[in-house]
Structure formats: C-alpha cells, structure tokens
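> Have a look; sequence and predicted model below, questions after that.
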Amino acid sequence: MTTQRPASTLARPDRPEQVSNAVAQRDQPAPMSFAAARDKFVGQLDMGVVQAIGKGMDPTQFKRSLATVLNETPDLLKANLTSLAVAVLHAARLGLDLTPALQLAYLTPFNVSQKVNGSWVKTPLVKMMIGYKGFILLGRRSGMCDTVRSRVVYANDHFEWEEGTTPRLVHKPTMGERGEVVAAYCVADMKTTGKPAFRVIGVPEIERARAASRGAFETIYEQGKKPRPDFNRPKADSPWTTDYGAMASKTAIRRFYKDMDLTEFRSLASAIEVDDAYAIGSRIPVPTAISGDPVKPPEQLSPSDEWGDDVLFGNRGEDDGDGHDETIVDATASSGD
C-alpha cells in the first residue's frame, strides 16, 4: 500500500518564490577566475600607471612586475582594491619594480578595523614598503650619490669610526663566528661634495625603529583598552624577526638620507614620506603624477574623483594576532597626525 503525502507538502516548482529564486540563481554571474581578476585590476590601473610612472621604469615592465607579485600573493586581490591601487601607484611613482626577487618594494596585505555606525568592521587593506635595495637605487637615481652601501656590524668584527673634522670609518668583518649585531651603517660617495659620507647607528637606534614599526610585535588585547604591542613577543613572520640584518641596513640608509638636505632631491624625500606613512601608520599621501597633480582613482574602483579617507587614513594601529597587521580607525575622527 502506497502512502500519499498530504498535498500541502508536495513540491510545487511553479510557486512564484521558487521561480524567482531559480531565475536569480540563473542570472548570477559566474565567479571570476583569479587570472581574469588579476588582468582586470592591472587593466584598470593602466592610465594611472602611465601618469605616475617614475624615473628609470617602463610602464609595460612595471605592469608585468605587478602581475608577478599578484601571482605570488593572490590575497592582495582579496583586499580593498582601492587601497591596493594606492600602494601600486606609489611604487610606480617611485619607479620601483615590484618583482619580489629584486627586493626593491613589497606589497603586503593587512587588516584594518574601522568604526562604522558604532560597530567595528574589519577590512583587508594593502601597504607598500620600500626595501633597503629600493632605497639604495633611489639614492643613486636622485643624483645625490654615485654609490650607496649599507652593512651590518657584528660583535666579533673589527670596527672603528670617528666623527669630527676628519670623519673615519673602518670595518673589517671576521671570517669566523661574527656574534650579535652591534651596529649598522650607510656610506655613500656624494656627487654634491665629491667625498664619501657615512652614518652609523647602534642597536638602541635600530631597536627604536623596530618598536615604531607596526606589525613587528604581537598584540596585547585587554577589555576596554586599545590594543597595544607586546614588546616581549616579536612577531615570527615580521621582517624584523626573519631578516633583522636587512631591516637594520634599511634603517641606517633612511637615517643617512634624513640627515641630508633633500630640498633638491624631492623624489628621495617623497620616498621617505611614503615609507614612513606605511611603516608607522600615519596618513598615506595621495598618489601623484609626474606633473605633480594627483592621480584620480580609476572609475571602476571608486565612484568619486578622490581617494577615500578610509584608504588614506586606514593604515594606523596594531596587529590582529593572526599574522596580519591590524589598524584601529574611528572613521568619524579626523587625523591626529
């Protein structure tokens, strides 16, 4: 004997709501492949890159390097694309190839928590960081220096340096066990004077730069308090942990440049300004063209002709404890920098 289910429980494919759902599912666009999303983003930035591209870089080569870094770090395309565009255009303006193997500049995703309508919402953004090799290249391109070198000094090296009327620096690295890092220095052959100049920094100055760098340490979370770095717990994936020597070298180069009069070397001053903003979490400068005029956001990425404060201000804060930097931003507040 067959038991018939009540008529009310039988499926009715002709019900209006079912027909509507079926139509909606049919009309949904197919998910975009990674390759298509990558090519679409690179294409959207085409005009901006051409306007912004800096000295020593070909637009086609730069876009090729952008595609390479997107291939190696697919999570970049999951971030806020306007934020990614800002980071890319700053690298273009400085003429820094993004190919990771060159170690000139890096695009890194991080998380931002923004206060929207009284609630905290986390959004992934992107920052652009200049590598120490990038700073060396920028110093040479600027016309200020013929050569720029940076080295790390270890406890067992022979190292002497003197300031005063006859500055002197001698560094003889040991061939054996070198010991702990004790200093770093930058030395450059100056076009402006025809003489070498140098800047030495010790571990205390290196550590101050590390402490000021967002994402170098794990984060302490306490109820009712703003997250803060735990200086007793360095982050395992931070370059300050994985490549301390390179970060010490970069710090020495940056200190050297900051000691110089950069009035006639605006590209170098701009590089330091952008790198500072991303490193310590201050307001990100608006990308500019070679003419000095602001580069407008691609129409496909922004309904406005201006870059939003959520991107330019959304770079300050702490670490979210899951391997990404996190910024804490009250979107209703103005910059306090």
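Cool, the structure landed.

> how about stretch 182-192: buried residues?
182-188 (16 or more other Cβ atoms under 10 Å). C-beta: built from backbone N, CA, C; applies to glycine.

> any idea of the mean pLDDT for that stretch?
Per-region confidence: stretch 182-192 scores 94 on mean pLDDT.

> re the thing from before, looking at the buried residues of stretch 182-192, which are in strands?
Using DSSP state E, the subset of these located in strands is 182-188.

> Name the nearest of these relative to residue 74.
residue 184 (34.1 Å; Cβ to Cβ).

> Quick check: bridge partners of the closest one?
residue 152, residue 201 (DSSP bridges).

> measure it to residue 266 for me?
Here residue 184 is placed at a distance of 26 Å from residue 266 (Cβ to Cβ, to the nearest Å).

> Residue 234 now?
35 Å.

> Could you list the domains of the chain?
Using automatic domain parsing, the domain parsing of the chain gives 33-131+266-337, 145-261.

> looking at these, which is buried most?
domain 33-131+266-337 (a mean of 18; mean count of other Cβ atoms under 10 Å).

> picking up where we left off before, ok, the buried residues of stretch 182-192 vs residue 163, which is closest?
The nearest one, if we look at the buried residues of stretch 182-192 relative to residue 163 and count by Cβ to Cβ, is residue 185, at 12.2 Å.

> The closest one against residue 157, yeah?
No - the pair residue 185 and residue 157 does not pass the contact test of Cβ atoms under 8 Å, sitting 11.3 Å apart.

> any residues in contact with both of these two?
Taking Cβ atoms under 8 Å, 6 or more residues apart in numbering as the criterion, residue 185 and residue 157 both touch residue 171.

> Can you tell me which of the domains of the chain is nearest to residue 138?
With Cβ to Cβ as the yardstick, what comes closest out of the domains of the chain is domain 33-131+266-337 (5.1 Å).

> what's the distance between residue 239 and residue 276?
Residue 239 is 16 Å from residue 276, by Cβ to Cβ.

> next one: residue 43
For residue 43, the distance to residue 276 - Cβ to Cβ - is 31 Å.

> and what of residue 252?
16 Å.

> One more: residue 111?
21 Å.

> same thing with residue 69?
Distance of residue 69 to residue 276, given as Cβ to Cβ: 22 Å.

> again with residue 140
In this structure, residue 140 and residue 276 are 21 Å apart, going by Cβ to Cβ.

> So what touches stretch 140-157?
In contact with stretch 140-157 (Cβ under 8 Å, 6+ apart) are residues 55-56, 95, 132, 135-136, 139, 159, 171-174, 176-192, 245, 248-250, 252-253, 260, 262, 265, 267-268.

> now, which of the residues you listed lie within helices?
132, 135-136, 139, 245, 248-250, 252-253, 267-268 (DSSP state H).

> Throw the residues you listed into JSON lines and include pLDDT and distance to residue 229, thanks.
Formatted as JSON lines, those follow (pLDDT from 0 to 100; distance: Cβ to Cβ, whole Å):
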{"residue": "132", "pLDDT": "92", "distance to residue 229": "23"}
{"residue": "135", "pLDDT": "95", "distance to residue 229": "25"}
{"residue": "136", "pLDDT": "94", "distance to residue 229": "29"}
{"residue": "139", "pLDDT": "93", "distance to residue 229": "30"}
{"residue": "245", "pLDDT": "92", "distance to residue 229": "22"}
{"residue": "248", "pLDDT": "95", "distance to residue 229": "19"}
{"residue": "249", "pLDDT": "94", "distance to residue 229": "23"}
{"residue": "250", "pLDDT": "94", "distance to residue 229": "20"}
{"residue": "252", "pLDDT": "96", "distance to residue 229": "23"}
{"residue": "253", "pLDDT": "95", "distance to residue 229": "24"}
{"residue": "267", "pLDDT": "86", "distance to residue 229": "32"}
{"residue": "268", "pLDDT": "91", "distance to residue 229": "29"}
